[in-house]
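> Fold the following, please.
(one chain, ligands or ions: 2)
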Amino acid sequence: MKIKSVRARVYEWKGKTVPPQGNFCSNAMDLVYSKTETMSTFRFHSWTVVEIETDDGIVGLGNVALAPKIAKAIIDEYLAPLVIGQDPWDYEYLWQRMYRSTHAWGRKGVAMAAISAVDLAIWDILGKSVNKPVFKLLGGRTKEKIPCYYSKLYRTDLKEMQDEAQKFLDQGFKAFKMRFGYGPAHLQDGVKENLKSVEAVREVIGYDTDLMLECYMGWNLEYAKRMLPKLEKFEPRWLEEPVIADDIGGYAELNNMGIIPISGGEHEFSLYGFQQLLEKKAVSVVQYDTNRVGGITAAHKINALCEAYSVPVIPHAGQMHNYHLTMSTLASPMAEYFPIFDVEVGNELFWYIFDGEPIAENGFLQLRDDVPGLGLTLKADYLDQFQITE
Ligand SMILES: O=C(O)C(=O)C[C@@H](O)CO
Ligand SMILES: [Mg+2]
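Ligands and ions are numbered 1, 2, ... in the order given. Okay, here's the model as predicted:
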């Protein structure tokens, strides 16, 4: 079997979007003076879909949501020529070709996300070629079904947050991730608002459920050190991305305070990136995203590393490309789950592009043994609301 073609298309959403309310999520831009909404650069309203076809007609699907137009250019210009004509079963060789040939500029960020999209499509082909789901090629079924956590609860009016939490508690979710709205730039008022929002959500979900707290790189080390003791009483399962991804020392200092487990990784890349995080004990939960970190080839290696360090892997964002990694290792106890909503930040946009994503039932997800590859097809229902660029 040989790879015959690589097609990367950018899906730009032109449909209705729900503008997020102010301060809906702290983020790295909060510390930079700006007259525009600080989260405006963190939108996922475009997505690049990669289709790789083999000479015997198998088509593998990959995807990338980080800087999708740039990712497409990297795939078209640099990565496609490296894999066309090659055997997809030589996936480690192909991964190394892509990684080493772009190493001068591509070891982290959008280039690694582009490599991930190609790698996902290759693994989809592998599963389809042997009529097995991808998780069966990685270690098989380690769970009867996958526990997942409800992930939204952007900072809005507290009553709205409580109603949202109640709605999904009633649907059987036993774990929730909420977003802080404030950070160092919002001074003491922001501290109070942050604490009020956690108290409000705990009031609804109680303490028999897991609560995770998301900062999305919006704090700094000094602020986080002040916040951790104030948050401890709410018994969070983890505090996510309190500082920017490059501040590995800050992560390690916060994690080693031992007050609240620190999580991160959705903005880290490659096996080596996670080797650093683990060696420095910088995180207590690893959260790579398989469509960023280097695809399934890289994520499978990181799973083994996390198993060796006894650090759980709970991949960022849910989505099928992550569920196969969670299903296939005991090192990954649960998955993130973005519910279907009107398009807002765009975390939910994949629901409008792909069919096959599992719907959470009572806080669990299921993958089928009889669906080969990643289990996704392209959705036709919303094509009129996307501008698609070849
Ligand atoms: O789901 C996450 O972990 C994210 O970081 C998503 C982002 O939109 C901030 O919530
Ligand atoms: Mg996050």
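
> Spell out which parts of the stretch 1-150 of the chain neighbour ligand 1.
Within the stretch 1-150 of the chain, the positions near ligand 1 by CB under 6 Å from any ligand atom are C25. The C-beta positions use only the backbone N, C-alpha and C, and glycine is treated the same way.

> Residue of the stretch 1-150 of the chain closest to ligand 1, please.
Ligand 1 sits closest to C25 of the stretch 1-150 of the chain, with a gap of 5.2 Å, by CB to the nearest ligand atom.

> which residues touch that residue?
For C25, the contact set (CB atoms under 8 Å, 6 or more residues apart in numbering) comprises M39, F42, Y154, R155, R179, F180, G181, E214, Y216, G218, V345.

> how about the nearest residue to the fifth one once chain neighbours are set aside, secondary structure?
Yep, that's R179 we're talking about. Nearest-residue entry for R179: C25, 4.3 Å, with adjacent residues in sequence omitted and distances by CB to CB, 6 or more residues apart in numbering. Look at C25: counting by DSSP: H, G, I helix; E, B strand; the rest coil, its state is coil.

> Phi and psi next, for C25.
C25 adopts backbone torsions of phi -160, psi 120, taken as degrees, to the nearest 10.

> how much space between it and G265?
Look at C25 and G265: by CB to CB, to the nearest Å, they are 18 Å apart.

> I314 too?
Using CB to CB, one gets 9 Å for the distance from I314 to G265.

> Common neighbours of those two, please.
With CB under 8 Å, 6+ apart as the test, I314 and G265 both reach V286, Q287.

> Find the residue closest to the residue nearest the centre of the chain in space, skipping its chain neighbours.
With the centre of the chain defined as its mean C-alpha position, the nearest residue by CA atoms, centre = their mean is H316, 2.8 Å away. When the adjacent residues along the chain are set aside, H316 lies closest to E266, with 3.6 Å between them (CB to CB, 6+ apart).

> Over to I296?
Nearest non-adjacent residue to I296 (CB to CB, 6+ apart): W123, at 4.4 Å.

> Tally up the residues packed near the one you found, please.
Using other CB atoms under 10 Å, the number of residues around W123 comes to 26.

> and it, how far is that from E92?
Relative to E92, and taking CB to CB, W123 is found at 12 Å.

> can you check G218 too?
Counting by CB to CB, the gap from G218 to E92 is 37 Å.

> More neighbours: these two, which one.
G218 (29 against 10).

> list the contacts for the nearest residue to the more buried one once chain neighbours are set aside?
Leaving aside its chain neighbours, G218 sits nearest to S26 (2.8 Å; criterion: CB to CB, 6+ apart). Contacts of S26 were listed using CB under 8 Å, 6+ apart, and they are R155, R179, F180, G181, Y182, G183, C215, Y216, G218, W219.

> Identify, from these, the entry nearest to ligand 1.
When these are compared for distance to ligand 1 (CB to the nearest ligand atom), Y216 wins out at 4.2 Å.

> I84 - how many residues pack around it?
I84 has 13 neighbouring residues, counting by other CB under 10 Å.

> Please disregard the earlier target; I meant P312.
Per other CB under 10 Å, the neighbour tally for P312 reads 21.

> Is it in contact with V285, as I believe?
Yes. Between P312 and V285 there is a contact under CB atoms under 8 Å: 5.5 Å.
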